[in-house]
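S.K.: Return a 3D structure for these sequence lines:
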Amino acid sequence: MRVFITDLASYNQSYLIGRWVELGIEKEELQQTISEILKEGEEACDDGSIHEEYFLTDWEDNEFNLEVGEYSDIFKLNEEVARIKELDLEDYQKKCVSFLLDNSIVSNLDEALERYEDVLIYEDTSFLDLAYEIVEEQYNLDDLPEFVANYFDYEAFARDLKLDQYYSSNGDIFYYSY
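M.R.: Sure, this is the predicted structure:
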């Protein structure tokens, strides 16, 4: 995750002094970068004031939908990103964690990391295809007389799946058992 750290005092004087920083770095390196940005702001303003405040004017690659705002605690955010990098999650696991956070099923990263194994992903599928798959795997309509089995409404079943713990995102369907 990258954030653009901006010197607040210089920004208020119409100077955009800041730089992109890749988070997940050592705390000392982050502090040094912030100090450099503030020093550059002092030099640009050249009014003798000491610049102490900064804010985040942009961020990208927020893969896990971490809570980021202009005045977020950059050091806490940096620690969270470092923790995520250390986990070395596979793509499937990342999708599960992101799903839990994006849909507000959990309230923070720690909860998502505890619960991501409870998520099932049906990749590149539709609700109708999923309805057929579930009926085929879990119910045996062949045991019913044909005239009864033919009355099963897969479209209605697919519609009901949307209302019951199944979520769609980017062509995938997610299921989370509470």
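
S.K.: burial of the spatially closest residue to residue 78 that is not a sequence neighbour, as a residue count?
M.R.: Sequence neighbours aside, residue 23 is the residue nearest to residue 78 in space, at 4.8 Å (criterion: CB to CB, 6 or more residues apart in numbering). For glycine as for every other residue, the C-beta is placed from the backbone atoms N, C-alpha and C. Using other CB atoms under 10 Å, residue 23 has 22 neighbouring residues.

S.K.: Residue 23 and residue 81 touch, don't they?
M.R.: Yes: between residue 23 and residue 81 there is a contact under CB atoms under 8 Å: 4.0 Å.

S.K.: Residue 81 against residue 21, yeah?
M.R.: No: at 10.5 Å, residue 81 and residue 21 do not qualify as touching, with contact defined as CB under 8 Å.

S.K.: packing partners for the lowest-mean-pLDDT helix or strand in the chain?
M.R.: Least confident helix or strand of the chain, by mean pLDDT, DSSP states H and E, is helix 146-149 with a mean of 79. Judged by 3 or more CB pairs under 8 Å, 6 or more residues apart in numbering; DSSP states H and E, helix 146-149 is in contact with no other helix or strand.

S.K.: anything in contact with each of residue 23 and residue 81?
M.R.: Taking CB atoms under 8 Å, 6 or more residues apart in numbering as the contact rule, residue 23 and residue 81 both touch residue 1.

S.K.: that older thread, return the distance of the least confident helix or strand of the chain from the chain's centre.
M.R.: 45 Å (CA atoms, centre = their mean, to the nearest Å).

S.K.: tell me which residues in the helix or strand following that helix are buried?
M.R.: Next along the chain after helix 146-149, taking DSSP states H and E as the criterion, comes helix 154-163. Buried residues in helix 154-163, counting neighbours by 16 or more other CB atoms under 10 Å, are found at 157-158, 161.
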